[in-house]
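Peer 1: any chance you can model this:
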Amino acid sequence: MPFLRPAELATDEARTLDVVRHALGALGGEFDAVVLMQPTSPLTESEDVLGALISSARSGAPVVSVCRAEQSS
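Peer 2: Numbers count the residues shown, from 1 in each chain. From the prediction side, this is the model:
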């Protein structure tokens, strides 16, 4: 395991964006893309992820989702 999430980011109220920012900071470096897969989407296949990355690259859209988010976090 490369790092542990701090206690304040390991709660039911922690915002996903803050968790992702922490992970990227802990890993360091620069990234061309970040993929966030929620555990509530267990049927997502590798082809779905690849398709989202291709769609983002082609369209220039910074975010690609398979459905509208109920809550922005």
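Peer 1: against residue 64, how distant is residue 26?
Peer 2: When distance is defined by C-beta to C-beta, to the nearest Å, residue 26 is 24 Å away from residue 64. C-beta here means a position set from N, CA and C on the backbone, and glycine is covered the same way.
Peer 1: can you classify residue 52 by secondary structure?
Peer 2: Recorded secondary structure, residue 52: helix (DSSP: H, G, I helix; E, B strand; the rest coil).
Peer 1: is residue 56 in contact with residue 65, as I believe?
Peer 2: No. Contact criterion C-beta atoms under 8 Å: residue 56 and residue 65 do not qualify, at 10.3 Å.
Peer 1: okay, those two: which has more neighbours?
Peer 2: residue 56 (15 against 9; other C-beta atoms under 10 Å).
Peer 1: ok, and the closest non-adjacent residue to residue 18?
Peer 2: In space, and not counting its chain neighbours, residue 18 is closest to residue 9: 5.9 Å by C-beta to C-beta, 6 or more residues apart in numbering.
Peer 1: sorry, back to before: residue 26 and residue 64: which has the busier surroundings?
Peer 2: Each of residue 26 and residue 64 has its neighbours counted (other C-beta under 10 Å); residue 64 has more, 16 against 12.
Peer 1: would you mind measuring from the more buried one to residue 33?
Peer 2: Applying C-beta to C-beta to residue 64 and residue 33 gives a distance of 10 Å.
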